[in-house]
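Enquirer: got a predicted model here, sequence first, then my questions.
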Amino acid sequence: MAEREDLRAENLALRAQIAALETELAGRPRVERTPMFALLDALPTLVAAIDSSGAAEFFSAAFKPWLAVSRAQAVGRPLLEALIPNLRPAAANLMAQAAAGQMFRKDITVADDSGLEHYLQVTIVPRRLGGLEQNGWVWVIQDQTSQRQIDAALRASERRMSLAAEAAGLGIWDRDLVTGVLLLSDRAKAIYGLPADEDVTYDTLVGFTHPDDFLPADDTVRRALDPTRKEKAPLLYRILRRDGSVRWLQSHGEAVFEDRDGVETAVRFVGAIQDITDATLAAQRQAFLMNELNHRVKNTLASVQSIAHQTLRNGQSPDDTRRQLSARLIALAGAHDILTRENWEAADLGDIVGAAVEPYDATTGRFHIEGPPVRIAPKAAVAMALALHELVTNAVKYGSLSVDRGCVHIRWRVEVAQAETLVLDWLETDGPRVVPPARTGFGTRLLQEGLVTEFGGQARLAFEPTGLTCHIEAPLGGQPILELG
């Protein structure tokens, strides 16, 4: 019992000391009672001390724009009366929500006296001075308006940059060289053929690099990360996607350097990539087409030169020579028209035959043509068009088409023995009796020499009394000249 009485006496003594201290503190000026108030006054943060009755004891200097009266007049007034009218409803709501004995925090939006909206983060902390029971609150308010505006401007800028990058087909990448973390935009992942939700490491991207381009790409990155070089990293390289497709990428990267213990070190590597496969292939195709066009022009000029030389050497009258030369050039142009429609990749043999006989078969129906689809390479198509023109012209002048009842049969087929072979037969019937020519003309030389050269096959002319025949054989396999349609 004696011990309990001693403890009770000590407790009473301590309470008396606490009460004396509180009385002494209460007698001092409230704002100047501690240097801490001077420190709070210098901060940009809004700080207010409220007693247990709700009366204001202190407002920091940053609180001034939100007070309806001066700071000196605000002290001792109820909090809501001290605040500007715009802030009172929010403050009343916060006071109602703040539970006794617990810290409370909430973000609010409120307009100042000028009508400008502010984003405030309000923290209310219970205050205990000299005892265990709460005897007031401390309000701490952070005005986050400027930071919100900066964040919004940054997000808008990033959004504009993102839209611009998307419009340009750019993918953005950011590699943290310290942590190893790699960030890729959705567009960058799409360029690599990866889903947007897949986590990607730098080693993963390196694994996509085409083996033939790995060493140049690796060397470019090393030079960019070397603090003695700090080179920009423009790079054209290929990747192999998971689906097996090959894509051409253009990459631009740059390293960010920092001083680490006196040593300049690359800490980040950032840049952009663009899929330029279509443009690269188009450029390659354009270069190919230019070379091909140059080759074709030379071939065409050689054909024109040969036609002119052979026509002029026949010793005909100028009018006959002009007509014959014009007809042969028209036949050459007709073959070029067909090839142009086919992008000069190949021409259908049926189209070549049809173009050759069209001027003479419009109404008479004296041509009998049959054969399967067979596509002929450009040089062979030109040679075949000229050869058919010579055959038709000869038939009109001297052969079956020079009489009313004469006909021409043109048949071709594909034979398969050891290799696929195109066989074309020209047969004239019901014409005048055929007499072999005394000399070899241009048409004969074209058939027997030109077609053989272009087709890699053979051609045989027979001046049978019953009508001219021409038999052409050309291999389909092993030669790039013909292909089966």
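Expert: Yes, it's here.
Enquirer: wait, doesn't R375 sit right on D351?
Expert: No. Using CB atoms under 8 Å, R375 is not in contact with D351; the gap is 9.6 Å. Bear in mind the C-beta positions are built from the backbone N, C-alpha and C, glycine included.
Enquirer: who does the longest strand seen in the chain pair with, and is each partner parallel or antiparallel?
Expert: Taking DSSP state E as the assignment, the strand of the chain that covers the most residues is strand 246-260. Here strand 246-260 is paired, per DSSP bridges, with strand 233-240 (antiparallel), strand 263-275 (antiparallel).
Enquirer: what's in contact with the last one?
Expert: What it means is strand 263-275. 165, 168-178, 188, 191, 221, 224-225, 227, 233, 247-260 (CB atoms under 8 Å, 6 or more residues apart in numbering).
Enquirer: all helices of the stretch 201-350 of the chain, in order?
Expert: Applying DSSP state H, counting those that start in this stretch to the stretch 201-350 of the chain gives helices spanning 202-208, 211-225, 277-312, 318-341, 349-357.
Enquirer: what's the answer for the stretch 351-485 of the chain, then?
Expert: Under DSSP H, counting those that start in this stretch, the stretch 351-485 of the chain gives helices at 378-397, 442-445, 451-455.
Enquirer: need the per-residue pLDDT for W66.
Expert: We note a pLDDT of 91 for W66 in this prediction.
Enquirer: for it, list the residues it contacts.
Expert: L46, L83, I84, L87, D112.
Enquirer: can I get the residues you listed in CSV with secondary structure?
Expert: What follows is the contacts of W66, written out as CSV (DSSP: H, G, I helix; E, B strand; the rest coil):
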residue, secondary structure
L46, strand
L83, strand
I84, coil
L87, helix
D112, coil
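Enquirer: please indicate which of these are buried?
Expert: L46, L83, I84, L87 (16 or more other CB atoms under 10 Å).
Enquirer: the second one contacts A68, correct?
Expert: Meaning L83. Yes. Here L83 reaches A68: they are 6.2 Å apart, a contact under CB under 8 Å.
Enquirer: got a pLDDT number for L154?
Expert: Looking at L154, its pLDDT is 69.
Enquirer: next one: P211
Expert: 92.
Enquirer: from Y192, how far out is it?
Expert: As judged by CB to CB, to the nearest Å, P211 and Y192 stand 16 Å apart.
Enquirer: got a list of contacts for stretch 133-149?
Expert: Residues from elsewhere that reach stretch 133-149 (CB under 8 Å, 6+ apart): 44-52, 57, 62-63, 98, 100-101, 107, 117-129.
Enquirer: just the buried ones among those, please.
Expert: Taking 16+ other CB under 10 Å as the criterion, what is buried in those is 46-51, 57, 62-63, 98, 118-120, 122, 124, 126.
Enquirer: ok, which pair from the residues you listed is furthest apart?
Expert: Greatest spacing in these, by CB to CB: D51 and Y119 (28.3 Å).
Enquirer: hmm, back to that, just put the strands paired with strand 246-260 in CSV and tack on distance to V138, mean pLDDT and mean neighbour count.
Expert: CSV is the format used below for the strands paired with strand 246-260 (distance: least, CB to CB, whole Å; pLDDT from 0 to 100; neighbours: other CB atoms under 10 Å):
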stretch, distance to V138, mean pLDDT, mean neighbour count
strand 233-240, 54, 87, 17
strand 263-275, 41, 89, 17
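Enquirer: quick one: contacts for the closest residue to L205 other than its chain neighbours?
Expert: Distances taken as CB to CB, 6 or more residues apart in numbering place Y192 nearest to L205, at 6.8 Å, with adjacent residues excluded. By CB under 8 Å, 6+ apart, Y192 lies in contact with V200, L205, F208, I239, R241.
Enquirer: show the pLDDT at Y192.
Expert: Value for Y192, per-residue pLDDT: 91.
Enquirer: tell me how far it lies from R241.
Expert: 7 Å.
Enquirer: what touches both of those two?
Expert: F208.
Enquirer: avg pLDDT for stretch 419-436?
Expert: In this model, stretch 419-436 has a mean pLDDT of 86.
Enquirer: quick check: phi and psi at G406.
Expert: phi -70, psi 150 (degrees, to the nearest 10).
Enquirer: just the residues contacting the longest strand of the chain, thanks.
Expert: Applying CB under 8 Å, 6+ apart, the external contacts of strand 246-260 come out as 173, 177, 191, 193, 210, 221, 224-225, 227, 230, 232-241, 264-277, 280-281.
Enquirer: kindly state the pLDDT recorded for the spatially closest residue to T469 that is not a sequence neighbour?
Expert: In space, and not counting its chain neighbours, T469 is closest to A462: 4.6 Å by CB to CB, 6+ apart. pLDDT recorded at A462 is 86.
Enquirer: likewise for G131?
Expert: G131 is assigned a pLDDT of 56 by the prediction.
Enquirer: quickly list the domain ranges of the protein.
Expert: Following automatic domain parsing, the chain resolves into domains at 1-30, 40-143, 165-275, 312-484.
Enquirer: of all these, which one is nearest A153?
Expert: A153 lies closest, by CB to CB, to one member of those: domain 40-143, at 14.2 Å.
Enquirer: measure that closest one end to end?
Expert: 15 Å (CA to CA, to the nearest Å).
Enquirer: got it, and stretch 69-82?
Expert: Start-to-end, stretch 69-82 (CA to CA) is 6 Å.
Enquirer: stretch 102-117 too?
Expert: 29 Å.
Enquirer: buried set for it?
Expert: Going by neighbour count (16+ other CB under 10 Å), the buried part of stretch 102-117 is I108, V110.
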